[in-house]
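Novice: fold the following, please.
(chains A and B)
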Amino acid sequence: MKLPYLLAACALSIAMIGSAQAKTPTDQLIIGMSMNNLLSLDPAGATGNDVVEVNANMYDSLVELDPADTYKILPGLAESWSVAADNRSITFKIRKGVKFHSGNPLTAEDAAWSLQRVLKLNLALASVWKGYGFTAANVEQNIRALDAETLVLTLPEPTDPKLVVYTLGTSVGAMVLDRKKVLANEKDGDMGRAWLTTNEAGSGPFALNEWRQKDVLLMTRYDGYWRSPAKLKRVVLRHMTESQTLRLMLERGDIDVANGMSVPDVEAMKKNPNVGIEAVKRGNVYYVAVSVKDAKFADKRVRLAIRNLIDYDGINKTVMPNYGLYHQRPVQMGLPATLPNPGYKLDVPAARKLLAEAGFPNGFKTTIRVLSDPPFINIATNLQSTLALGGIEASVIPGTGNQVYGAMRDRQFEIIVGRGGGGAEPHPHSSLRSLVYNPDNRDEAKLTNFQGWRTSFISPEINALIEKAEIEQDEKKQTAMYQEIQKLYDQQVGAIQPVSQMVDTVVLQKDVRNFHSHPASTTRWREVSKQR
Amino acid sequence: MSIFFPSGRSARRLTSFGHRLGIVAVTLLGLLALTFFIGRVMPLDPVLSIVGSDADQSTYDQVFKQLGLDQPLYTQFAYYLRDLLHGDLGRALLTGNAVTADIARVFPATIELATIAILFGTFVGVPLGVFAATRKGRMGDQVVRVISLCGYSVPVFWFGMMGLIIFYAWLDWAGGAGRVDLAFDGLVQSRTGLLLVDSALAGEWEVFHSAIKHITLPACILGLHSMAYIARMTRSFMLAQLSQEYIITARVKGLSEHEVIWNHAFRNILVQLLTIVALAYGSLLEGAVLIETVFAWPGFGSYLTSSLLLGDMNAVMGCVLLIGIIFVTLNLIADALYQVFDPRTR
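Specialist: Predicted structure coming up:
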């Protein structure tokens, strides 16, 4: 054979091999994702979104929120529930016949104990419950099982019961544990904490088979699941941090779902007919925050100047596609109470004028702390350039989440580009409590879980209105109050300026059916199947 | 002479052994102390990694205390040393496992990868280096030097991505990410942690085949760097030997070129080469973070890096101690082999 023919034959064979696509097994779902943030499986100590998704498939909640319409509360382990006329207690009727993976029957006592455990251990997930007035001391009295099928939550402080039910449907800390199994693995009175870090005691559609940290997590179908067994036999999560590797494996058909791909790779995958892209809006916002503790930013005119020096359009058009959606309000997008965007724009002359009035005609020097990952670093770079237009010389200090939010918690920053805002519950209070509310501005108060406190911005008027709106029973009046808060926040120029509402993008094979990413990260795989 | 009073030569050996042991102990202690104190002043907060950035202060304070971070630094270090003497490296704060168990899980994956990489690097690098030295300044030498330069200077990350695109995505010769196809994951019971060995021992040849397919590409790419280094060093050592008078004498005596190169010149660079290979192997065992990242290889390098980034100092200290032991051991082995290959050092 002559050389050109030989080369052509080689090229053809290579092309043919290249076009062959491997397939994952039809009864398994293979998910590629970074497991760097998957640290503990214990529902009481879980942090980050990844563990929420994993636990949502190994455990059950009392209620669930419909992924298509998060206002819609669906029954879970609770068949039904009722709120007392005074809004101070909620009674749940627990479903009969549900069994944990261990075979133990699930009762209201398990549900009560699981919630009590969160408060008693006082780990990451306790914070939200403490916000409703529950404490380790009062939790046994306020969360009680009347019998095997009746659970009563008495609210220690007045709040909107709907908000509490939303939390029960979204918080991983509200998932129900197999009390007997956990206690059998208790060590030194730790309520099974050490054991639950790497094991599970749930009743969900999948049972944990094996977890090798930062390698692979295997789950197998639980055939005794009370709804009906999941469609897939096995779910495999494989640790992959490199976006290009995820893309190649997805293109080759070696994984079904890719989480956490970079934007250029997601964009490239849009051209691939074999994959689909699912974007889901989360409750968090990307923001630019200033520290009011800093004398410069204590001046409202300087904060307003900063607001005028953010290129909202530029950031949202160039940096945020697949990461976020244009949004400028401290209440998450899409709620009835959320006001339309105020339309803040980059306005350099206005900013310069404000800075001159505030005594900074030549600007000043400052720092921007930011996570070194996209899109944070890109937003910060953009901000740095627009601040310079106003005469503000900002140096960017990149760091890990730990370093950036650590400095914020210590109130040791000037400007931060970050993300936050609670927002798992589809309720304005969830966002406002996290981003705006600051009931005690003293350093000693250390209200580190409130981002409002971290910025040292305090408005007694807004605080009072947030507290009032939370307990308002008339929905219309409540909505009006939340809208009033947003107007006040706009007028008072709050320290946190939202830029974009967070979006999470998942890329998946076209043959994967019924994979619905949940805005609260409780994506459930029990209905997922493959159509080939 | 009784065993309690050894003869002069044995006594000298014992003293020398004790001296070495002392140096090793002091080195490791110094390494641990340095890592411990650097770890404590790093701006990374393990508490925040555990409780998350939105936890309230009481949760933060509770975990801070549970981790013993409220104790003075010297007390924390003393506790660490006490536990270490009992063989306890502590718990990895973030995985909840004993550090020894975590290392026992991730280290075999790296041993497997590094061993194949160093074999590739040595068995390709040494002949290339000898070949280049014997053709100094000619085309063959230039080609080897360019290959070495590329292997040494092109980022391993780039090689990894290109390798995946060509050999995995296009040609389907290599496995993708991970140690084995997911369909085989968990099929073989772990005995040694070395998947190739475990699957062979279990007679699971399909798993073995899949494991080979998965390891070949990352190991070769990882080995490229070592190969380039070894080839350059071999060339340089060989050039030094080939200009020696005893080589001219050997040629004058009429020995074949093969005998001159391999039996005379090469034998004399073995000692130096051993050091080079041992150190290269040590660096590979230390972990190849980038390759492990690209190939989603659950190895020691990525474990160490992610622990470091999260401020998990128990895990970091355990890893550093192991790295120290590896280097000390490799140095001791190299020293011992010196004595085998070079009678002057006996």
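Novice: so is the residue of the stretch 1-150 of chain A found nearest chain B in a helix, a strand, or just coil?
Specialist: Here the residue of the stretch 1-150 of chain A nearest chain B is residue A:47; by Cβ to the nearest Cβ that distance is 3.3 Å. For the C-beta atoms, the positions are set from N, CA and C on the backbone; glycine is no exception. Counting by DSSP: H, G, I helix; E, B strand; the rest coil, the backbone at residue A:47 sits in coil.
Novice: now do the same contact list for the spatially closest residue to it that is not a sequence neighbour.
Specialist: Spatial nearest neighbour of residue A:47, chain neighbours left out: residue B:52 (3.3 Å); criterion: Cβ to Cβ, 6 or more residues apart in numbering or on different chains. Each residue near residue B:52 by Cβ atoms under 8 Å, 6 or more residues apart in numbering or on different chains is listed here: A:47, A:48, A:124.
Novice: and the gap between the first one and residue A:324?
Specialist: Same thing as residue A:47. 21 Å (Cβ to Cβ, to the nearest Å).
Novice: who has more neighbours out of those two?
Specialist: A direct count of neighbours by other Cβ atoms under 10 Å in any protein chain shown for residue A:47 and residue A:324 places residue A:324 higher, at 26 against 23.
Novice: now that one. Nearest residue, chain neighbours left out?
Specialist: In space, residue A:324 is closest to residue A:500, 3.2 Å off (Cβ to Cβ, 6+ apart).
Novice: surely residue A:289 is in a helix?
Specialist: No: if the criterion is three-state DSSP, then residue A:289 is strand and not within a helix.
Novice: mind listing the residues bridging to it?
Specialist: residue A:416, residue A:496 (DSSP bridges).
Novice: surely it meets residue A:494?
Specialist: No: using Cβ atoms under 8 Å as the test, residue A:289 is too far from residue A:494 to be in contact (9.2 Å).
Novice: circling back: helix or strand for the residue nearest to residue A:324, which one?
Specialist: Here residue A:500 sits within strand A:496-509, counting by DSSP states H and E.
Novice: sorry, back to before: redo the contacts of residue B:52 as a markdown table? Include distance to residue A:98 and pLDDT.
Specialist: Converted to a markdown table, those look like this (distance: Cβ to Cβ, whole Å; pLDDT from 0 to 100):
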| residue | distance to residue A:98 | pLDDT |
| --- | --- | --- |
| A:47 | 28 | 77 |
| A:48 | 28 | 78 |
| A:124 | 27 | 80 |
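Novice: per the record, what domains does chain B have?
Specialist: Split into domains by automatic domain parsing, chain B comes to B:8-85, B:105-345.
Novice: so residue A:262 touches residue A:242, yeah?
Specialist: No: counting by Cβ under 8 Å, residue A:262 stays clear of residue A:242, with 9.3 Å between them.
Novice: quick one, which of the two is more surrounded?
Specialist: Neighbour comparison, residue A:262 and residue A:242: the larger count goes to residue A:242, with 24 against 17 (by other Cβ under 10 Å).
Novice: need the contact list for that one.
Specialist: For residue A:242, counting by Cβ under 8 Å, 6+ apart, the contacting residues are B:293, B:294, B:296.
Novice: give me the nearest residue to the second one, chain neighbours excluded.
Specialist: With Cβ to Cβ, 6+ apart as the criterion, residue B:294 has its nearest non-adjacent residue at 3.7 Å, and that residue is residue B:160.
Novice: so what pLDDT did residue B:3 get?
Specialist: Per-residue pLDDT puts residue B:3 at 49.
Novice: equivalent analysis for residue B:17, please.
Specialist: In this model, residue B:17 carries a pLDDT of 76.
Novice: that one and residue A:491, how far apart?
Specialist: For residue B:17 relative to residue A:491 (Cβ to Cβ), the value is 80 Å.
Novice: over to residue A:431?
Specialist: 18 Å.
Novice: surely residue A:225 and residue A:202 touch.
Specialist: No: using Cβ under 8 Å, residue A:225 is not in contact with residue A:202; the gap is 10.4 Å.
Novice: neighbour-wise, which of these two wins?
Specialist: Under the criterion of other Cβ under 10 Å, the comparison of residue A:225 against residue A:202 puts residue A:202 first, with 26 against 19.
Novice: mind checking the SS state of residue 93?
Specialist: Chain wasn't specified; assuming chain A. Applying three-state DSSP: residue A:93 is strand.
Novice: was after chain B, sorry
Specialist: Relying on three-state DSSP, one would call residue B:93 coil.
Novice: and it, what does it touch?
Specialist: Per Cβ under 8 Å, 6+ apart, neighbours of residue B:93: B:46, B:49, B:50, B:67, B:310, B:312, B:313, B:314, B:315.
Novice: same check, this time on residue B:225
Specialist: Counted by Cβ under 8 Å, 6+ apart, residue B:225 has contacts B:121, B:151, B:152, B:156.
Novice: reformat those residues as CSV; add pLDDT.
Specialist: Output for those, formatted as CSV (pLDDT from 0 to 100):
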residue, pLDDT
B:121, 94
B:151, 84
B:152, 81
B:156, 86
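Novice: now which of those residues would you call buried?
Specialist: Buried members of the contacts of residue B:225, scored by 16 or more other Cβ atoms under 10 Å in any protein chain shown, are B:121, B:151, B:156.
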